[in-house]
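Participant: When you get a sec, could you give me coordinates for this:
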Amino acid sequence: MINEFDSTLKEKLISFAIIIEKELGLSFRSEQKLYDLYVKLFDIFSSTNTKEKVISIIDSINLKREIPKDLLTPIANILTINETYFFRESNIYPLLKSYIDKIVSLESVRDIKIWSAGCSSGEEPYSIAIFIKENYPKDIVSRVKIIASDISEKALQKATKGVFSKWSFRDVKTGIIDKYFQQNNGEFHILDSVKEMVVFKNLNLISNNYPDYGKGLFDLDVILCRNVLMYFSEESIGHISNKFFNSLLSNGILITSAVEMNDLIFKNFIREIYGECIFYRKVTNNTQLDKKESSNSKNKSSIVKIEKRKKQEIISNSTIKKTSIYIPPKEHLTKSIDYIRELANRGELDLAVRELNILIENGRSESIIYYLYALVLSEKKETSKALNMCQKALYLDSQNLEAMILSGFLYMECNQKEKAIKSFQTSLKIMEKSSDKELNTLFEEGINGSRLKEIIESLYIDLDSNG
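Facilitator: As a prediction, the model looks like this:
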């Protein structure tokens, strides 16, 4: 990877990464990310994709200390590609309904303003629009204003068009699809009644100013910025956090993904919890919502503040590291793991690696993460690296049967027969302690616990007899 570069090229890439961070907020300073950046540059400069010409462009940008306007858009397009789908992380919707219900209960006639920041190809803001139409009468729907922004013009063009593939609906009920989309030659066209609820804007979260009255980004009720901030440096997130805070109404809420929560960076906000959703809220003492709550103590908000004692308990149980990055609870990790498996099954191995790196960089250290990493690397034919990840998985959990079996196969590929024998022998011991029900859930394609034992036992006997 990056070690394959000479020191001069590495220095040039570091300088270029600093300029990208300054102009786009995206962080590419780690060695893995520098390598990813280098690879992506060949996609950006596809018409001049020789190494010498790419380096020449990097030199020119480093010399000027800024990215030319004609290159800023294609660089943003290629570096901010983000996989998304309709109704992703559905735990936010009960929170949205509770918040909107409170506003409606005040019998106010004001608009309800929601900003989807980093909206990519539009699935998130359209999901919110559909949710609003499903849960509220027309007079309330007409008051909801949804603004969606992204730095990528390419993503915004797709979002504005409102045409999606079947893959964007993997968590959506058929009834919703039939009600709000028209199918045409395998494509799904969102209805105009939904499209007209969303206004798309091009916006750079780092360089653009907000509150922005021209774009309508002021006095906001809700800001959603999920699976976006993880690509930014802490310094950049701090600047964005301050601008988000100033763009919200008092009592407004900010929703990030669980892995992006950081109480040091979002220090102006109060972290709260509603159902399965953890979020940030801008709290002052002069909002209508606060006044209504204080005037009727019997009708306490279902959006409950985490008390200091409880908050400290959560922090201590989450093994937060010195960076104070919030470690997502198990249910969020499960969703991440499922998503990574989906990527791997579709053959999108580089995207799977990226998602695994994000989990690791944000403090996750579960054995299953390193096992999945090993599995993906083995599919990429990077056997020695896969074996290293397998060893990490087994260090974290010596009873991880999937990792133990995989290590056996990887040792076989590396012609380390004795270690392969030991891995399969240990696998059989683990299986002896496991129930058939546990074993049946490990592998698909009809391989039950009994068949799995037969396969591993056969491999062990063959290797041992030929030793």
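
Participant: Please verify my assumption that Met230 contacts Ile358.
Facilitator: Yes: if you go by Cβ atoms under 8 Å, Met230 and Ile358 touch, sitting 5.5 Å apart. Every residue, glycine included, has its C-beta placed from N, CA and C.

Participant: quick one: common contacting residues for the two?
Facilitator: Val259 (Cβ atoms under 8 Å, 6 or more residues apart in numbering).

Participant: Now do the closest residue to Ala159 other than its chain neighbours against Ile190, distance only.
Facilitator: The shortest distance from Ala159 to any residue other than its chain neighbours is 2.9 Å, reached at Gly122 (Cβ to Cβ, 6 or more residues apart in numbering). Distance of Gly122 to Ile190, given as Cβ to Cβ, to the nearest Å: 8 Å.

Participant: hang on, the earlier thing: spit out the contact partners of the residue nearest to Ala159.
Facilitator: 148, 155, 158-160, 162, 198, 200.

Participant: Swap in 10 Å and give it another go.
Facilitator: Contacts for Gly122 (Cβ atoms under 10 Å, 6 or more residues apart in numbering) come out as 84, 86, 116, 129, 148, 150, 155-156, 158-164, 168, 190, 195, 198, 200.

Participant: which residues are in contact with both of Gly122 and Ile190?
Facilitator: By Cβ under 10 Å, 6+ apart, Gly122 and Ile190 have these common neighbours: 86, 129, 159, 161-164, 198.

Participant: Buried members of those into ChimeraX, please.
Facilitator: One line in ChimeraX is enough to select the buried members of the shared contacts of Gly122 and Ile190, burial here meaning 16 or more other Cβ atoms under 10 Å:
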select :86,129,159,162,163,164,198
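
Participant: any idea which of the shared contacts of Gly122 and Ile190 is closest to Lys102?
Facilitator: Nearest to Lys102, judged by Cβ to Cβ, of the shared contacts of Gly122 and Ile190 is Ala129 at 20.0 Å.

Participant: just checking, the closest one touches Val141?
Facilitator: Yes: using Cβ atoms under 10 Å, Ala129 is in contact with Val141, at 8.7 Å.

Participant: who touches both of these two?
Facilitator: With Cβ under 10 Å, 6+ apart, Ala129 and Val141 have common neighbours 193, 197.

Participant: Tell me the secondary structure at the spatially most central residue of the chain.
Facilitator: Nearest to the mean C-alpha position of the chain, counting by Cα atoms, centre = their mean, stands Asn227 at 3.7 Å. The three-state assignment at Asn227 reads coil, by DSSP: H, G, I helix; E, B strand; the rest coil.

Participant: phi, psi of it?
Facilitator: phi 60, psi 30 (degrees, to the nearest 10).

Participant: Identify the residues contacting Ala374.
Facilitator: Neighbouring residues of Ala374 by Cβ under 10 Å, 6+ apart: 382-383, 385-394, 402-403, 406-407, 410.

Participant: Next one: it relative to Val222, how far apart?
Facilitator: Going from Ala374 to Val222 by Cβ to Cβ gives 40 Å.

Participant: ok but Lys113 is inside a strand, no?
Facilitator: Yes: assessed by three-state DSSP, Lys113 belongs to a strand.

Participant: who touches the residue nearest to Leu248 when sequence neighbours are not counted in this structure?
Facilitator: Distance criterion Cβ to Cβ, 6+ apart; nearest residue to Leu248, sequence neighbours excluded, is Lys282 at 4.6 Å. Contacts for Lys282 (Cβ under 10 Å, 6+ apart) come out as 220, 223, 244-254, 268-270.

Participant: And for Asp397?
Facilitator: Asp397 touches 366-368, 370-371, 403-404, counting by Cβ under 10 Å, 6+ apart.

Participant: Run through this structure and note the low-pLDDT ranges.
Facilitator: 1-5, 25-33, 35-36, 43-49, 76-83, 107-108, 285-333, 335, 440-448, 466-467 (pLDDT under 70).

Participant: Show me it divided up by domain.
Facilitator: 2-79, 92-317, 330-465 (automatic domain parsing).

Participant: residue boundaries of the strands in the stretch 301-450 of the chain?
Facilitator: Along the stretch 301-450 of the chain, the segments classed as strands by DSSP state E, counting those that start in this stretch run 304-305.

Participant: Leaving out sequence neighbours, find the closest residue to Asn209.
Facilitator: Asn209 sits nearest to Lys243 (Cβ to Cβ, 6+ apart), 7.4 Å away.

Participant: and the one you found, how many neighbours?
Facilitator: 19 (other Cβ atoms under 10 Å).

Participant: and the gap between it and Ile92?
Facilitator: Relative to Ile92, Lys243 is positioned 21 Å away (criterion: Cβ to Cβ).

Participant: Next, Thr256: phi, psi?
Facilitator: Main-chain dihedrals, Thr256, degrees, to the nearest 10: phi -110, psi 180.

Participant: Give the full set of residues in contact with it.
Facilitator: Each residue near Thr256 by Cβ under 10 Å, 6+ apart is listed here: 117, 223-230, 237, 241, 244, 262, 266, 278-280, 326.

Participant: do the same with Glu382
Facilitator: Taking Cβ under 10 Å, 6+ apart, one finds 349, 353, 374, 376, 388-389 in contact with Glu382.

Participant: Looking at those, point me to the pair that's furthest apart.
Facilitator: Within the contacts of Glu382, Leu349 and Asn388 form the most distant pair, 16.9 Å apart (Cβ to Cβ).

Participant: And the helices in the stretch 101-250 of the chain, which stretches?
Facilitator: 123-135, 138-141, 153-161, 174-180, 192-195, 234-247 (DSSP state H, counting those that start in this stretch).

Participant: Can you tell me which of the ones you listed is most buried?
Facilitator: Ranked by mean neighbour count under mean count of other Cβ atoms under 10 Å, the helices of the stretch 101-250 of the chain are led by helix 123-135, which reaches a mean of 22.

Participant: May I have it as CSV, with CA atoms only?
Facilitator: Output of helix 123-135 as CSV, limited to C-alpha atoms (Å, rounded to 0.1, in the frame of the first residue of the first chain):
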residue,chain,number,x,y,z
GLU,A,123,-33.0,8.6,-0.4
GLU,A,124,-32.9,10.2,3.0
PRO,A,125,-34.9,13.4,2.3
TYR,A,126,-37.4,11.5,0.2
SER,A,127,-37.8,8.9,3.0
ILE,A,128,-38.6,11.8,5.4
ALA,A,129,-41.1,13.2,2.9
ILE,A,130,-42.9,9.8,2.5
PHE,A,131,-42.9,9.4,6.3
ILE,A,132,-44.6,12.8,6.7
LYS,A,133,-47.2,12.0,4.1
GLU,A,134,-47.9,8.7,5.8
ASN,A,135,-48.4,10.1,9.2
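
Participant: For Phe87, give me phi and psi.
Facilitator: Phi and psi for Phe87, reported as degrees, to the nearest 10, are phi 60, psi 40.
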